[in-house]
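Student: Kindly return the folded structure for what I paste below:
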Amino acid sequence: MDQDNNSEDESVGPSEDPAEEELPCLPPGLSDGEAMELLWQLRSQRRQSSPELPETVTRLTAPDGSLLYLVGTAHFSDSSKKDVATTIRAVQPDVVVVELCQYRVSMLKMDENTLLREAKDINLDKVQQAIKQNGLMSGLMQILLLKVSAHITEQLGMAPGGEFREAFKEAGRVPFCKFHLGDRPIPVTFKRAIAALSLWQKARLAWGLCFLSDPISKEDVEKCKQKDLLEQTMSEMIGEFPALHQTIVAERDIYLTHTLRQATRCVEAPPNAQKVPAVVVGVVGMGHVPGIERNWEKQLNINEIMSVAPPSRFGWVLRAVIKGVMMGMLGYACYRAGGSLGRAMLSIPTVQSLLENLRPPPA
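Tutor: Model (predicted):
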């Protein structure tokens with residue numbers, strides 16, 4: 001997603017200070033070039049040269065002098081939303097990059113009530129969609145992680161991703177600001193994560209996610225913004241599932257660093273398209289901030305972390321067994337209910353898809 005915000009987006013809500021944040025009405029009769037130059041000057045006036053920013057913001061500099069303001073957030077936090085809004089209003093960026101991919105972009109324009117309802121409602125359609133998109137094992141793991149998110153949502157009464165929606169709205173109020181999705185596609189992450197775990201590790205992880213029931217408070221979420229607590233949690237995770245940490249955290253640190261560096265490049269200033277250093281705001285989970293800092297000046301090769309190994313023979317056998325059990329149960333139910341119901345069940349697209357896919361992979 002890459003949007004130019006030369007005018008206010010329809011999804012952008014009202015600002016707390018309209019006089020300061022809303023785009024102005026331009027005088028009539030201006031040419032396009034004059035209007036662009038006027039808006040550029042206005043943004044330059046609003047941009048603070050030495051802004052006082054929240055302590056969750058890390059400043060990084062690119063070789064060409066462009067600046068990155070990296071906002072570390074907790075994903076279920078009201079104060080993180082405020083940190084994001086404060087930073088974007090203060091630095092008036094050229095680009096805003098968020099820790100989302102194209103598979104999760106829908107959360108940017110959905111209202112809070114709809115997101116709350118969606119996060120709590122894990123139904124058969126979602127299970128089928130996850131399996132179709134990611135494969136059987138990765139899809140089931142995604143459903144388990146959605147269950148964790150639903151548990152937190154229910155405990156806090158707050159939908160995830162509020163800081164990203166805040167970034168999207170605030171970017172819409174900044175002239176010429178572009179909005180980029182900076183995360184690795186989630187199917188790649190899930191498939192690589194599952195492939196990196198042994199069968200025993202998959203079972204242990206699934207068991208832990210299935211029976212997650214510890215109460216979570218808003219105070220617990222805010223503690224996630226404290227780097228010392230976060231580093232302790234990450235250390236525990238590395239000891240438990242080092243391969244999982246590598247694929248879900250470390251590899252995404254590399255990918256996020258790559259996309260942030262791509263965004264942090266000189267931009268063209270009107271009226272003569274002169275190259276000037278860019279100002280970029282990155283919005284990522286606090287757990288990714290140390291890794292991005294470590295990788296900022298390194299040579300990175302993201303091709304290595306984008307490949308997905310083909311499914312193993314064992315994986316196909318496991319999928320075939322599960323599908324066979326499902327078809328056996330379906331067949332028994334049809335036998336008990338009668339032939340007409342059986343024909344009706346076999347006409348369902350999902351059942352037909354299961355039958356069509358129940359074949360071994362090519363050698």
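
Student: Contacts for stretch 55-69 next, please.
Tutor: Contact with stretch 55-69 is made by 53, 70-73, 80, 83, 87, 91, 93, 225, 260-261, 263-266, 277-282, 286, 289, 292-293, 296, as judged by C-beta atoms under 8 Å, 6 or more residues apart in numbering. The C-beta positions use only the backbone N, C-alpha and C, and glycine is treated the same way.

Student: If you tally nearby residues, what's the number for the closest residue to residue 99 other than its chain neighbours?
Tutor: Computed as C-beta to C-beta, 6 or more residues apart in numbering, the closest residue to residue 99 that is not its neighbour in sequence is residue 284, at 4.3 Å. Using other C-beta atoms under 10 Å, residue 284 is surrounded by 27 other residues.

Student: pretty sure residue 284 is in a strand, no?
Tutor: Yes: Residue 284 sits within a strand when classified using DSSP: H, G, I helix; E, B strand; the rest coil.

Student: looking at it, it is touching residue 256, isn't it?
Tutor: Yes: counting by C-beta atoms under 8 Å, residue 256 is a contact partner of residue 284 at 5.9 Å.

Student: Need the overlap of contacts for the two.
Tutor: Joint contacts of residue 284 and residue 256 (C-beta under 8 Å, 6+ apart) are 99, 182, 292.

Student: now, which of those residues lie within helices?
Tutor: Under the assignment DSSP state H, the shared contacts of residue 284 and residue 256 contribute residue 292 to helices.

Student: With respect to residue 114, which of the shared contacts of residue 284 and residue 256 is nearest?
Tutor: Distance to residue 114 across those (C-beta to C-beta) is lowest for residue 99, with 21.1 Å.

Student: circling back: would CSV of the shared contacts of residue 284 and residue 256 with distance to residue 171 and neighbour count be doable?
Tutor: Formatted as CSV, those follow (distance: C-beta to C-beta, whole Å; neighbours: other C-beta atoms under 10 Å):
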residue, distance to residue 171, neighbour count
99, 14, 24
182, 13, 23
292, 20, 23
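
Student: residue boundaries of the strands in the stretch 1-150 of the chain?
Tutor: Here the stretch 1-150 of the chain has its strands, by DSSP state E, counting those that start in this stretch, at 2-5, 57-61, 67-73, 95-98.

Student: now for these, which one comes closest to residue 33?
Tutor: Of all the strands of the stretch 1-150 of the chain, strand 2-5 sits nearest to residue 33, with 16.0 Å by C-beta to C-beta.
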